[in-house]
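[1] Quick one, what's the 3D model for this:
(one chain, ligands or ions: 1)
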Amino acid sequence: MFILRACVCLMFVCCAAAAQPLPSRGATGAKVDYHVHVKGDLTLDDALRRSRESGIYYGIVINGGLLLPANSDAGLEAFLREMQGKPVYAAFQAEGREWVRLFSKRTLEKFDYVFSDSMTWSDDNGRRMRLWIKDDVGVIADPQQFMDMLVERATGIFANEPIDIYVNPTYVPDQLAPDYARLWTPARMKRIVDGLAANGIAMEINNRYRIPSAAFIGLAKKAGVKFACGTNNAGAGDLGRNEYCAQMIRECDLRPEDFWSPAADGKKAIQRRPLLR
Ligand SMILES: [Zn+2]
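    Numbers count the residues shown, from 1 in each chain. All right, here's what the predicted structure looks like:
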């Protein structure tokens, strides 16, 4: 009886597994989420299970940079060891502009890709800001001037830092978000898009913040910028199924050839471009 029950159980599990499309390395479009954080209430086992269930291949990300737990090669190497043999991409998220002096090319090139955003930088008075933290940003008295500074910093990152993807792209602090469409003028959008195209950097389509806008994506597509779907989840609750990215694929008529995929060894940004300038 026990054996019979075990067999029935096993058959059920096998059938259930066979019905799921298994995510695969090399998938593209909304079949990959390149920006998944194992944090909050999301464990690595949860992430692997959800990847299997959704059929979406994940890039699991470690954040590294000044003032973060991972601020040297040792922290990154430990993460790489943990990811070894798992059916995921191993990704590095560079936080803040100091990262180029904290980590070595030798360690960074072991990742499938490296990315960063334009959410941590110092303003013209030397005040280091994380744009998603209210107290860091304070009240923005002159949004136009702030946007010019944001464009300046973002394009500086594209020109100087060897990253594969620009993530949380075009993010503006909460207090400016209602004016996103007005503040991202055609001239500002063009500078971002041209900077990405000139440096061979892909643009994330971010599910959590639902950015960039369709207008921005359309402009980037015209310039030949490649796209990557990503979430930047804060925990288990906001890790979905690339819903915003799928919506943008339809609205902007993005084709498989419009999508980025991790470069072969030897062609990663960290291998194509100098770490330090
Ligand atoms: Zn992130």
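[2] interface residues of the stretch 151-277 of the chain facing the ion?
    Residues of the stretch 151-277 of the chain found near the ion (C-beta under 5 Å from the ion) are N232. To be clear about C-beta, it is placed using only N, CA and C from the backbone, and glycine gets the same treatment.
[3] show me the residues around the residue of the chain found nearest the ion that make contact.
    Closest residue of the chain to the ion, C-beta to the ion: N232 (4.0 Å). Contacts for N232 (C-beta atoms under 8 Å, 6 or more residues apart in numbering) come out as 35, 37, 167-168, 206-209.
[4] Using CSV, lay out those together with secondary structure, pLDDT and neighbour count.
    Shown next, in CSV, are these (DSSP: H, G, I helix; E, B strand; the rest coil; pLDDT from 0 to 100; neighbours: other C-beta atoms under 10 Å):
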residue, secondary structure, pLDDT, neighbour count
H35, strand, 98, 27
H37, strand, 98, 19
V167, coil, 98, 27
N168, coil, 98, 22
N206, strand, 98, 24
N207, coil, 98, 26
R208, coil, 98, 16
Y209, coil, 98, 18
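[5] Those: which two are farthest apart?
    Using C-beta to C-beta, the pair of these lying farthest apart is H37 and Y209, separated by 13.9 Å.
[6] name the helices or strands packed onto the helix or strand encompassing Y58?
    Here Y58, judged by DSSP states H and E, is contained in strand 57-65. Applying 3 or more C-beta pairs under 8 Å, 6 or more residues apart in numbering; DSSP states H and E, one finds that strand 57-65 contacts strand 32-37, helix 44-54, helix 73-83, strand 89-95.
[7] by contact count, what packs against the second one?
    Contacting helix 44-54 under the criterion 3+ C-beta pairs under 8 Å, 6+ apart are the following elements: strand 57-65.
[8] Then the first one?
    Strand 32-37 is packed against strand 57-65, strand 89-95, strand 113-116, strand 202-206, strand 227-230, with contacts defined by 3+ C-beta pairs under 8 Å, 6+ apart.
[9] that older thread, tell me which strands the strand holding Y58 pairs with, and in which orientation.
    Next to strand 57-65 in the sheet, as set by DSSP bridges, lie strand 32-37 (parallel), strand 89-95 (parallel).
[10] any idea whether G237 is helix, strand or coil?
    Classification of G237 by DSSP: H, G, I helix; E, B strand; the rest coil places it in coil.
[11] ok, it - contacts?
    Counted by C-beta under 8 Å, 6+ apart, G237 has contacts 40-41.
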